[in-house]
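> Pasting the sequence and the predicted coordinates here, then a few questions.
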Amino acid sequence: MGDVETDAEIFSLRSYIQTLLRECKDEMEKEDGVEDRIRIVCSKPESLAIGRLVHQEEAWPRKNEELSKRNREDGNQAYQDGKFELAILLYTEAMRYAPCNPVLLEGEALAWAAANRSAAFYQQQQYRQAIEDIEVAVASGYPQNSIYKLYIRKCKCELELGKINRAQAAFDSAVEAIEWSGLKKDVRSDLTVNLQEAFINLAKTADEEGIVEEKEDPTGLAKERADIPEFLSVKSPHLRMPAASDAIRVKHEPNVGRHVVADRDISPGEVLFIESPIVSTIMDEHVESICLVCLSYTTSPLPCPTCSDVNFCSLACRTHALQSFHKYECRLTHVFQQTGIKDLPLLILAFRAVTQQPVEYFVKNRDKFSVPDNKFGVEDKYMSQDYSTIFNLCTHYERRDNADIYSKTVFACFLLRCLQEVGYFKSYTTEAPGLKLTDAEALVGRLLKHFLDCIQFNTHTVESIYENRVVSWDTETRLWKSVARCNIGDSAETNRMGGGVYPTLALVNHSCDPNFVIVFWGRTAVAVASRSIDKGQEINDNYGAHYGNMGVQERRKFLEKSHWFTCGCAACKNNFPEYIRCPKDFKKLPGSAFKYKRCDRQKLNRDVDSIKKDIKFCVSKLEHERMYENFIKWSELVDSLVIPPHQDFINIRKGIRSCLFKLSPNKSRAREDADE
């Protein structure tokens, strides 16, 4: 056992990659086919070294029964002391480390911890969270002789929420559970009578306070988008691209590639895209619990049954993950941690792009994944969750040198070996990983390499904002204040939650002076026009280099390194100044800065001042939607008369984005003791 552990501990991903590059470089130079190169790398015995680390003894399942028990007992003490918030935290840790049967997904320790946390949530009047934990406890095998207590609590929670029908269903389950509890007949009878009386009294109270209309809980994409305000919907969806408005059109030009233009005039505030990613992942370490599937913050995290490294917001998200990508990743969490891959989102996203689908899917659709089409989406139906979209994204393959091509090939082989070790190909072969690949394995290896290439340039950062800290107008100074009190010129400070590939948004090219903003609800991206866009004009995103806070040379250097192109947008061609040097007084602008020869500058100043005054009033009253409407009004006014650059355009863009983020659930709190 000692030798195995030593071998696993000394595994170095850097050494693994370098060794195979040295071994395979000459052979790869003689082959053009990606699958042929994959086979060359996997023909080397050194490529199998990862197996020792994957199967390291006691590496999986990653649970700790003693630690779970200790946290649950501490939680019980905190509950008895009336410290319910502390109890919730301790029960959460107890759930995190509670062992489960990896097949049945049941475990008494998890069931007890979830049940106890539901009681603490009930005391905190967090009834929805209490109901979710009751469902987890039941699903995890809570003892049948006591399960009626959970149904009684669930009945009370549903009544508190005004949901009579659901409360009745929970009541019926409680009565049935009492009959099967093993209690004496007279005790069961007394319990049922008392429960009936309590239910009637609670139902009367709920009826007096108002019954909530009961609807089926949304699932899937509908669940992720349930909190998006109605005014932020695509009013007229595109016929071929459901994630986009019919206001857009995809074009292709030889020197530009695919890009998006306005197919009609677009007004500020119009929603252009609402899209969920085809693949996503959490980035960085977070104090808050984030759902691995939908990237939403959750105050009642549900752990994976067999590892202690990820959280889910619900049983639905957990089930989705365990039936697809996480049933493989779960066995590799220690590998990804020890090799540092968990901090390399490009590799995680490429790996997950494969594990989200069974190997049969890729074999069946092999022809669809043969040669990329750089015009795909111009005339084709373009569905965000169709793998044709991600496969046909830009890879810049023609600009890659051999060092890049060969290193990514070896990385793809490393990921392929991981898949082999955790049984991804078991429907095609039962043999242990060897030096010869099946056709299915070579195909998946090629796709891993291709996904590494295309995801590199087509990932959007999924963001949240800090509720208690904002960024000053100079983009450098952080102010400890509520984001709800954000001044004009300041902006909400964003925090990187994760990353995802949004196939429709990925078609939009960059500008250092973009004309829309993106805000996230969970992992769902909502793109809103921040200024008027004329028919035929290109619609532009921003890839992290904005003229307001970076000079032209700095921006171009940044984009050449990150996205491999030299920017030629209007802001770069005309050398737009940074924010501090942008004009801010309309009276002092030259005539060439206006769209019309005659412009009443004094009236423009008065109108803008009036809007700013109303925005400040909205800040004082915390009227975020009205504030947003004022920023849209300000954008319409200035954009109709003034030609960029001007400080107002930058302030408007910041204001629109900050207002929308205030309405989003993607919020957390910055810690004052955290390192900057």
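Done, it's in.
> As a check, name the ranges of all strands in the stretch 251-400 of the chain.
According to DSSP state E, counting those that start in this stretch, the stretch 251-400 of the chain carries its strands in the segments 257-262, 271-275, 279-282, 302-303, 311-312.
> Dump those strands into TSV; add mean pLDDT as well.
TSV is the format used below for the strands of the stretch 251-400 of the chain (pLDDT from 0 to 100):
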stretch	mean pLDDT
strand 257-262	96
strand 271-275	98
strand 279-282	97
strand 302-303	96
strand 311-312	95
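> Tell me which of the ones you listed sits most buried.
A comparison of those by mean neighbour count, using mean count of other Cβ atoms under 10 Å, puts strand 302-303 on top with a mean of 26. All C-beta spots, glycine's among them, are computed from the backbone N, C-alpha and C.
> Tell me the strands beside it, with direction?
Applying DSSP bridges to the sheet, strand 302-303 is found paired with strand 311-312 (antiparallel).
> Need the contact partners of the strand it pairs with.
For strand 311-312, the surrounding residues in contact (Cβ atoms under 8 Å, 6 or more residues apart in numbering) are 289-293, 298, 301-304, 318, 321.
> Tell me the one among those residues nearest to D474.
I290 (30.3 Å; Cβ to Cβ).
> ok now do that closest one, which residues does it touch?
Shown in contact with I290 (Cβ under 8 Å, 6+ apart): 282, 296-298, 311, 497-498.
> For H510, what are phi and psi?
The phi/psi pair for H510 (degrees, to the nearest 10) reads phi -90, psi 150.
> now swap in L48 and tell me
phi -90, psi 0.
> count of residues packed around it?
Look at L48: counted by other Cβ atoms under 10 Å, it has 16 neighbours.
> how about the helices in the stretch 301-450 of the chain?
Applying DSSP state H, counting those that start in this stretch to the stretch 301-450 of the chain gives helices spanning 315-322, 326-329, 333-339, 345-355, 359-364, 387-391, 402-421, 439-455.
> helices and strands around the first one, which ones?
Judged by 3 or more Cβ pairs under 8 Å, 6 or more residues apart in numbering; DSSP states H and E, helix 315-322 is in contact with helix 127-139, strand 302-303.
> Identify the residues contacting the closest residue to E636 other than its chain neighbours.
Distances taken as Cβ to Cβ, 6 or more residues apart in numbering place P268 nearest to E636, at 5.4 Å, with adjacent residues excluded. P268 makes contact with 529-532, 632, 635-636, 639, 656, according to Cβ under 8 Å, 6+ apart.
> Quick check, pLDDT for P268.
With respect to pLDDT, P268 scores 97.
> start the count at 18, not 1, going forward
In the new count, where the first residue is 18, that last one comes out as P285.
> how much space between it and H663?
Remark: distance between P285 and H663 (Cβ to Cβ, to the nearest Å) = 15 Å.
> just E110 next, same as before
52 Å.
> C430: neighbour count?
For C430, the neighbour count with other Cβ under 10 Å is 27.
> That one contacts K61, doesn't it?
No. Using Cβ atoms under 8 Å, C430 is not in contact with K61, being 9.1 Å away.
> Give me the common contacts of those two.
Common neighbours of C430 and K61 are listed as L37 (criterion: Cβ under 8 Å, 6+ apart).
> dump the residue contacts of N391.
By Cβ under 8 Å, 6+ apart, the contact list for N391 reads 269, 274-275, 409, 411.
> ok but I597 is inside a helix, no?
Yes. Counting by DSSP: H, G, I helix; E, B strand; the rest coil, I597 is found in a helix.
> pLDDT score assigned to it?
pLDDT recorded at I597 is 93.
> Next: D207.
According to the prediction, D207 has pLDDT 69.
> for A223, same thing?
60.
> Give me the three-state assignment for the residue lying farthest from the centre of the chain.
Computed with Cα atoms, centre = their mean, the maximum C-alpha offset from the centroid of the chain is found at D203, amounting to 53.2 Å. Following three-state DSSP, D203 is assigned to helix.
> how near is it to Y168?
From D203 to Y168 the distance is 21 Å (Cβ to Cβ).
> One more: I291?
In this view, I291 and Y168 are 38 Å apart by Cβ to Cβ.
> Check N211 too.
Here N211 is placed at a distance of 14 Å from Y168 (Cβ to Cβ).
> Please compare those two by neighbour count and tell me which comes out ahead.
Neighbours were tallied for N211 and for Y168 using other Cβ under 10 Å; the higher tally belongs to Y168 (22 against 11).
> out of everything not next to it in sequence, what's closest to the more buried one?
Of all residues not flanking Y168 in the chain, A191 sits nearest, at 3.6 Å (Cβ to Cβ, 6+ apart).
> Check T476 too.
Spatial nearest neighbour of T476, chain neighbours left out: G516 (4.9 Å); criterion: Cβ to Cβ, 6+ apart.
> and the one you found, what element?
For G516, the host element (DSSP states H and E) is strand 508-518.
> partners of that strand in the sheet?
Taking DSSP bridges as the criterion, strand 508-518 forms sheet pairs with strand 296-299 (antiparallel), strand 477-488 (antiparallel).
> Could I get the full set of helices for the stretch 568-693 of the chain?
Per DSSP H, counting those that start in this stretch, the stretch 568-693 of the chain carries helices over the ranges 569-579, 587-590, 618-638, 641-658, 664-680.
> cool, and the stretch 118-267 of the chain?
Secondary structure of the stretch 118-267 of the chain, counting by DSSP H, counting those that start in this stretch: helices at 125-140, 144-156, 164-177, 181-196, 202-226, 237-241.
> Output these in TSV; the columns should cover distance to G92.
Below are the helices of the stretch 118-267 of the chain laid out as TSV (distance: least, Cβ to Cβ, whole Å):
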stretch	distance to G92
helix 125-140	6
helix 144-156	12
helix 164-177	17
helix 181-196	24
helix 202-226	27
helix 237-241	29
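> Would you single out the least confident of those helices?
helix 202-226 (a mean of 69).
> who's S685 bridged to?
Under the criterion used (DSSP bridges), S685 bridges to Y483.
> Is it possible to mark the buried ones in the contacts of P285?
Among these, those classed as buried by 16 or more other Cβ atoms under 10 Å are 546-549, 649, 652, 656, 673.
> how many other residues sit next to V479?
V479: 25 neighbours (other Cβ under 10 Å).
> residues contacting the residue lying closest to it once chain neighbours are set aside?
In space, and not counting its chain neighbours, V479 is closest to G515: 4.3 Å by Cβ to Cβ, 6+ apart. G515 sits next to 297-300, 307, 312, 362, 478-479, 540 when contact means Cβ under 8 Å, 6+ apart.
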